[in-house]
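A.B. asks: let me see the structure of the following:
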Amino acid sequence: GKAKRPMIVVPKSVLSNWVAECEKWFPGSSVLTIGGEGDDPVERNRKLHDLQQNDYDFIIVSEPQFAKIDLDPVTKGELNSKDFWNQRGDSLEHAGDKRKNAIKTQWEQALANQTFDENMRTKATYFNDLGVDALIHDEFHHMKNLCTVGTRFGEQPKYMGGGATSMRALDFNLKSRWLLNDQGNKNVYGLTATPTKNSPIEIYAMLSHVAPEAMEKIGIRNSEEFIDRFAKIEQGIYQATNGLMEEGQIVAGFHNMDELRSIMTRFIHRQTADQVGLELPKRQDVQHMIDMDEEQEAKYVELREMLKEAGGKDATGDAHIFSIMDKMNKAAMDMSLLDASYDGKKSPKYKACAAAIIENMKDGGQIVFSDYNDSHEKMADALVAAGIPRDQIGILNGKKTPSPEKRQAMCDKFNAGKIGRASCRERV
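C.D. replies: From the prediction side, this is the model:
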């Protein structure tokens, strides 16, 4: 194939699922996992040494463990030194980004060691020693924070996206650039359902990982030049964190889109659910209006008054607008989330939710989403009180199912019909 030793980087929560998929679609394939249950530092290093000596069809690594497999400092320093902003900072004698400066320091130390002893090596196993010839990253949007957006006329444009540079995005970029150099500008791939949230800087970041030469060929050397080329920045009105409308610089749209589309079409392979034969349930939104009880109503009114007097964006703790809004959400759902003396089982929302689940059971398994782990067991109690056997209810959260393996086992039971209801912590 196109690669003999592909490495797939995945969130730890889905590592077991990836192993199952490899075994399903490629029966008998040799799979090495790094970062699963029981992989302490000693076991991780053993696997890395084993990888250097043996061949595997798939190497599946969790994101946290992938970040711990470093490039050797000399290679990393050389790649880092080619960064536009580092070169500019050196020419102007600016300090630069502390993360990139740390890489530069390691590089200089490694070069100094080589001066005294060219055979001097650390005991570390480096990424570029593993023989990896293809790099695939699942949930690739995790790598989008590669660039820090600069200010324009003293302020940062709104709706630009892309906050400060994240260490994991920088780490992946260095490794992907090394592999691209080693493999003739190919064999780096990203998989995601959300490549960008209408942010120009995220488009640049994602393409910088898989095809940095695409921008270089049209004269774009960095994120700021990308913004100048494609983002339309002008004065406009935006909603500030305090909820008020303010005037400032905003990304009002895009220009030169034909040029950008041609690049995206070349390097982004987009497929819909229909195109891959994935049948999705039809979306049907139904809003349920549930009256709060007297205690909830009183607390909600109190919090609403606090919200009117909330501090601005610099407020902290209980005075912050987001803190108050979170308390309002808890009060509306279950007062015991705020006050342990309240009997959470009598919350009107739990009873209404249980009734809705029973009504829709004919359509198949039901999944209930709740942000608050403390509400999950109470939701299960409401379902039992409504007549659903407890062994037909699964709870999926960090406390009940702390490991990826346990979460995968819960999902497998649900998909197999062994449990009919599940309470999860993610919000929809």
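
A.B. asks: okay, CA-based contacts and neighbour counts for the rest of this
C.D. replies: Noted.

A.B. asks: ok, and the closest non-adjacent residue to the spatially most central residue of the chain?
C.D. replies: Central residue of the chain (C-alpha atoms, centre = their mean): residue 142, 3.7 Å from the mean position. Residue nearest to residue 142 in three dimensions, not counting chain neighbours: residue 169, with 7.5 Å by C-alpha to C-alpha, 6 or more residues apart in numbering.

A.B. asks: residues near that neighbour, how many?
C.D. replies: The number of residues packed near residue 169 is 21, by other C-alpha atoms under 10 Å.

A.B. asks: go ahead and confirm it touches residue 147.
C.D. replies: No. Residue 169 is beyond contact range of residue 147, at 9.0 Å (criterion: C-alpha atoms under 8 Å).

A.B. asks: quick one, strands of this protein?
C.D. replies: Ranges of strands in the chain, per DSSP state E, are 6-10, 31-34, 58-62, 134-138, 188-191, 231-239, 245-254, 366-369, 393-396, 421-424.

A.B. asks: need those in JSON lines (columns: mean neighbour count).
C.D. replies: Supplementary listing: these in JSON lines, determined by neighbours: other C-alpha atoms under 10 Å:
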{"stretch": "strand 6-10", "mean neighbour count": "23"}
{"stretch": "strand 31-34", "mean neighbour count": "19"}
{"stretch": "strand 58-62", "mean neighbour count": "21"}
{"stretch": "strand 134-138", "mean neighbour count": "21"}
{"stretch": "strand 188-191", "mean neighbour count": "18"}
{"stretch": "strand 231-239", "mean neighbour count": "15"}
{"stretch": "strand 245-254", "mean neighbour count": "15"}
{"stretch": "strand 366-369", "mean neighbour count": "16"}
{"stretch": "strand 393-396", "mean neighbour count": "23"}
{"stretch": "strand 421-424", "mean neighbour count": "21"}
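
A.B. asks: export those strands to a markdown table and tack on mean pLDDT?
C.D. replies: Compiled in a markdown table, these are given as follows (pLDDT from 0 to 100):
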| stretch | mean pLDDT |
| --- | --- |
| strand 6-10 | 97 |
| strand 31-34 | 96 |
| strand 58-62 | 96 |
| strand 134-138 | 97 |
| strand 188-191 | 96 |
| strand 231-239 | 86 |
| strand 245-254 | 85 |
| strand 366-369 | 88 |
| strand 393-396 | 90 |
| strand 421-424 | 53 |
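
A.B. asks: which stretch among those strands comes nearest residue 214?
C.D. replies: The closest of those to residue 214 is strand 188-191. By C-alpha to C-alpha, the value is 13.8 Å.

A.B. asks: need the residues that contact that closest one.
C.D. replies: Outside of strand 188-191, the residues within contact range by C-alpha atoms under 8 Å, 6 or more residues apart in numbering are 134, 135, 136, 137, 138, 139, 140, 176, 179, 180, 209, 210.

A.B. asks: now do the same contact list for the fourth one.
C.D. replies: Contact partners of residue 137, counting by C-alpha under 8 Å, 6+ apart, are 8, 9, 10, 189, 190, 191.

A.B. asks: measure the first one to residue 254 for me?
C.D. replies: Meaning residue 8. Relative to residue 254, residue 8 is positioned 34 Å away (C-alpha to C-alpha, to the nearest Å).

A.B. asks: pLDDT averaged over stretch 150-169 - what is it?
C.D. replies: Across stretch 150-169, pLDDT averages out at 76.

A.B. asks: can you give me the buried ones in stretch 7-27?
C.D. replies: 7-19, 22 (16 or more other C-alpha atoms under 10 Å).

A.B. asks: just the ones of the residues you listed in helices?
C.D. replies: Applying DSSP state H to those, the entries found in helices are 15, 16, 17, 18, 19, 22.

A.B. asks: pipe those into JSON lines and attach distance to residue 44 and pLDDT per row.
C.D. replies: Shown next, in JSON lines, are these (distance: C-alpha to C-alpha, whole Å; pLDDT from 0 to 100):
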{"residue": "15", "distance to residue 44": "15", "pLDDT": "92"}
{"residue": "16", "distance to residue 44": "17", "pLDDT": "89"}
{"residue": "17", "distance to residue 44": "20", "pLDDT": "90"}
{"residue": "18", "distance to residue 44": "18", "pLDDT": "94"}
{"residue": "19", "distance to residue 44": "17", "pLDDT": "93"}
{"residue": "22", "distance to residue 44": "21", "pLDDT": "94"}
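
A.B. asks: farthest pair in those residues?
C.D. replies: 15 and 22 (10.9 Å).

A.B. asks: so what's residue 18 closest to, chain neighbours aside?
C.D. replies: residue 60 (7.7 Å).

A.B. asks: contact partners for residue 337?
C.D. replies: Residue 337 touches 330, 331, 344, 374, 375, counting by C-alpha under 8 Å, 6+ apart.

A.B. asks: from those residues, which single one is nearest residue 46?
C.D. replies: residue 374 (39.6 Å).

A.B. asks: quick one: the closest one from residue 204, how far?
C.D. replies: In terms of C-alpha to C-alpha, residue 374 sits 40 Å off from residue 204.

A.B. asks: who's more crowded, the two?
C.D. replies: Set side by side, residue 374 and residue 204 show more neighbours around residue 204, with 23 against 15, by other C-alpha under 10 Å.

A.B. asks: can you tell me which residues contact that one?
C.D. replies: Applying C-alpha under 8 Å, 6+ apart, the residues near residue 204 are 223, 226.

A.B. asks: give me the pLDDT for it.
C.D. replies: pLDDT, residue 204: 89.

A.B. asks: give me the low-pLDDT residue ranges for the stretch 301-428 of the chain?
C.D. replies: 311-317, 404, 420-428 (pLDDT under 70).

A.B. asks: sorry, back to before: how close does the residue nearest to the centre of the chain get to residue 328?
C.D. replies: Counting by C-alpha to C-alpha, the gap from residue 142 to residue 328 is 30 Å.

A.B. asks: got it, and residue 254?
C.D. replies: Taking C-alpha to C-alpha as the measure, residue 254 and residue 328 are separated by 38 Å.

A.B. asks: one more: residue 397?
C.D. replies: Between residue 397 and residue 328 the computed distance is 23 Å (C-alpha to C-alpha).

A.B. asks: which residues touch residue 176?
C.D. replies: 135, 188, 209, 210.

A.B. asks: how does it look with 7 Å?
C.D. replies: 188, 209 (C-alpha atoms under 7 Å, 6 or more residues apart in numbering).

A.B. asks: please renumber the chain so that the first residue is 729 from this point on.
C.D. replies: I'll keep to 729 as the first residue from here, and by that count the last item is residue 904.

A.B. asks: could I get the pLDDT score of it?
C.D. replies: pLDDT recorded at residue 904 is 95.

A.B. asks: cool, and the one 4 residues further on?
C.D. replies: For residue 908, the pLDDT comes out at 95.
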